[in-house]
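Asks: Provided below for reference: sequence and predicted model.
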Amino acid sequence: MLIAVALLAAIGVTLDRLFPPPTPGVGGASVVVAADGTLLRSYPSRDGVWRYPVTPDQVSPHYLETLLGYEDRWFYWHPGINPVALTRAAWQWLVHGRIVSGGSTITMQVARLLDPQLAGQPSRSLAAKLRQMARALQLELHYTKDEILGLYLTHAPMGGIVEGVEMASRMWLGKSAMDLSPAEAALLTALPQSPSRLRPDRHPQAAELARNKVLDRMAALGVWSADAVADAKIENVLAPPLRARWLAPLAAERLQSEQRRRGQRATIVSSTLDAEIQTVAEQMLLDRIDALPARVSMAILVMDNDSLEIKAYAGSADFSDESRYAHVDMVRAVRSPGSTLKPFLYAQALEDGLIHSESMLLDAPLSFGGYAPGNFQAAFSGPVSVSQALQRSLNVPAVDLLDRVGPARFAGRLATGGIHLRMPAGATPNLSLILGGGGTTLEELVGAYRAFARDGVAGVPRLTPDQPRVEWRMMSPGAAWIVRDILEGGGHPDRPLEQTGRRLAWKTGTSFGFRDAWAVGVTDTWTIGVWVGRPDGTPNPGFFGANVAAPLLQDLVAVLPAGPFSARNRPFSVKRVVTCWPHGWEQGSRQAQACDQPRAAWALDETVPPTFAGYADPAGALLRVQGLADGAVLRPVPGSRAVALEVSARGARGQVWWLLDGQVRQQGEATEWMKLSLVHNGRYTLTVMDEQGRHDRVVFEIAGVTP
């Protein structure tokens, strides 16, 4: 007897080695999922099937109850074949001359799903059944019960190109298999019996009848009460047409490409994305599509400041619209950042001790070695404070600061925060950097802007949970705090304290020729970046950051979770001081003397530098507009349809600039008269400014001009 048993065992081992069980797998299929497991994008197997691998603990208990109750109540007790069921099937075969019920166990069904030779044979032929039983016994030797059940959950045919309960639940029901109701669980239990005939999108009535049969079995077995089954039958069988349903398709494609590049073949690729935030972000883009010109796209990136995890990633406006270059990922595209780099420059100037928040800068037609920048609105404001210059994104003060900081040093500082500027071949950093003269990406900007919300520490946005956390100190906590305060509320230490949880520090940017419109902002919880433009670089006249990107940024902030409110603690390195405009000295200091215009300011590391030399010369005579009084109302002489105006500058030195409503109208020597002819009624502001930065301004009115 023992010899016979040993012989049979030896034969079994030999056959097992000669004919190993089919290797389970998903045939190259993979899915990219959000942080909570929500399906973002599926990639079919080599045979074109969608699969989403799951284990028994990842599906609803309702489904496990219906599956085991309807298909194989003795699954956890039999060795792969059920002798009772096989005896019944054999008796029916003898009586009827054919197989009436196959007596298949779940293990036998898995054997059929995995063995390619069984897939090509009639399911109820005797040869197929014998091979199934042999393979089932073999599977039971190699795998645990839960592993075998997991194979069924992944490979069971669910209609069309869908396999497995999780993918079926996502495609047919729009939810995870963990959230199935009793009626839905019964439907997906019945579906593999005849996947084509019971497809819920094509044959809902047949699917409903099959579902009800499963529900009746659950009531007959006493697993569910009659009332529960009656309630379940009330649910209608409704399923949308089978099609790919994608969230964050470009983020998924990026992750899938990175997997291939590393030679990995993960069946489930996890991301950090939040499915709900991603859905809201994509819907916001779709809501704006109709208002955009042809071929214009948009991109959004939302990052959690604490974890650096990306929670929303939209690389294009509409992935289904090829006319808008849908497959071009503008989160990673290198573009001109426009003025979005200015906050980093002001932070560096604060650390260098060049300025405080109310230092006077000059917004005037200045030349820097032949480079003469202008402002976006083609107007100039004259003397302005640092806070005003940054908030209003004035170009000349920014170029002036970069000239003093040094373009190479500034580019190096940006690199420490993850912004690696791409320059034209052979070019070196120059003054145009601050106006968008070097390229960067939305992803790099978001990672760097995070420094303003986390004490000067920038980081690399993370798209996968296992991506290493990479952070760098980009600026001091004090510089970050001051710049954020300016971007958030104007930088005035004497303004009322805000106690809201929705404080947003933001900056816009527009690249040369209206090619790129940007808006980047930070709250206590989030850093958000928005880009709008044409991926091919074609200009979009009239599209700039403030009118197309900023509204989307603000709408995103309004719908994002606010996060816990925390009091804003000012760093010890930031001090509130009162300075004397325009010279910049601290009130009460020896240099300040008389303080005609006191201004509250933020100073870093107790450094209160004076205004740049030549901008406010205390020893110089006052500059005044001569020939026109402030508040004057001018009318044309009888018979004239214009007001002729002739003024001069008293006390001016060297070159002077005359500006009417911010527009330069005349430049010349201080001795030259300014002549104007005004033909429209209204209020006007006339400003004169000399080389030393001294200025005077009068506001007057023209009235009585008839068309």
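Replies: Perfect, thanks for sending it. Residues are numbered from 1 along each chain as shown.
Asks: what's stretch 259-269 in contact with?
Replies: Applying C-beta atoms under 8 Å, 6 or more residues apart in numbering, the external contacts of stretch 259-269 come out as 26, 28-33, 51-53, 252, 255-256, 464. Heads up, the C-betas are built off the backbone N, CA and C, glycines and all.
Asks: wait, residue 187 sits on residue 207?
Replies: Yes - distance between residue 187 and residue 207: 6.3 Å, which falls inside the contact criterion (C-beta atoms under 8 Å).
Asks: Common neighbours of these two, please.
Replies: 200, 237.
Asks: Show me the one in the contacts of stretch 259-269 that has more neighbours than the rest.
Replies: Looking at the contacts of stretch 259-269 with neighbours defined as other C-beta atoms under 10 Å, the largest count falls to residue 52 at 29 neighbours.
Asks: what about the stretch 551-700 of the chain, any weak spots by pLDDT?
Replies: Applying pLDDT under 70 to the predicted model, the residue ranges of the stretch 551-700 of the chain that meet it are 616-622.
Asks: tell me which element residue 531 falls in.
Replies: Assignment of secondary structure by DSSP states H and E places residue 531 within strand 526-533.
Asks: right, I mislabeled it, should have said residue 676
Replies: Here residue 676 is covered by strand 674-678, with elements defined by DSSP H and E.
Asks: Which other helices and strands does that strand contact?
Replies: Counting contacts by 3 or more C-beta pairs under 8 Å, 6 or more residues apart in numbering; DSSP states H and E, the secondary-structure elements packed against strand 674-678 are strand 643-650, strand 663-669.
Asks: hey, which of these is tucked in deepest?
Replies: Compared across the helices and strands packed on strand 674-678, strand 643-650 shows the largest average neighbour count, a mean of 17 (mean count of other C-beta atoms under 10 Å).
Asks: Restrict the helix or strand following it to CA atoms and write it as PDB.
Replies: Toward the C-terminal end, the helix or strand that comes next after strand 643-650 (DSSP H and E) is strand 655-660. What follows is the C-alpha trace of strand 655-660 in PDB, where atoms were taken according to Å, rounded to 0.1, in the frame of the first residue of the first chain:
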ATOM      1  CA  GLN A 655      17.900 114.700 -19.100                       C
ATOM      2  CA  VAL A 656      14.200 114.800 -18.200                       C
ATOM      3  CA  TRP A 657      11.300 112.700 -19.100                       C
ATOM      4  CA  TRP A 658       7.700 114.000 -19.400                       C
ATOM      5  CA  LEU A 659       5.000 111.400 -18.900                       C
ATOM      6  CA  LEU A 660       1.300 112.000 -19.500                       C
END
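Asks: Pairing partners for strand 655-660, with directions?
Replies: Neighbouring strands of strand 655-660 in its sheet, by DSSP bridges, are strand 663-669 (antiparallel), strand 682-690 (antiparallel).
Asks: Residues in contact with the first one: which ones?
Replies: Outside of strand 663-669, the residues that reach it under the criterion C-beta under 8 Å, 6+ apart are 365, 378-380, 654-659, 672, 674, 676.
Asks: what's the farthest-apart pair in these?
Replies: In the contacts of strand 663-669, the most distant members under the criterion C-beta to C-beta are 378 and 654, with 23.9 Å between them.
Asks: what about the residue nearest the centre of the chain, which SS state?
Replies: The geometric centre of the chain, computed from its C-alpha atoms, lies nearest to residue 301 (C-alpha atoms, centre = their mean), at 1.7 Å. Under DSSP: H, G, I helix; E, B strand; the rest coil, residue 301 falls in the strand class.
Asks: That one contacts residue 446, doesn't it?
Replies: Yes - under the criterion of C-beta under 8 Å, residue 301 lies in contact with residue 446, with a separation of 5.0 Å.
Asks: any residues in contact with both of these two?
Replies: 461, 528, 529.
Asks: between these, which is nearest residue 545?
Replies: Closest to residue 545 out of those is residue 529 (11.3 Å), distances taken as C-beta to C-beta.
Asks: the helices in the stretch 151-300 of the chain, which residues?
Replies: Along the stretch 151-300 of the chain, the segments classed as helices by DSSP state H, counting those that start in this stretch run 165-168, 182-190, 204-220, 226-234, 249-261, 275-288.
Asks: among the ones you listed, which is nearest residue 75?
Replies: Judged by C-beta to C-beta, the one of the helices of the stretch 151-300 of the chain that comes nearest to residue 75 is helix 182-190, at 13.3 Å.
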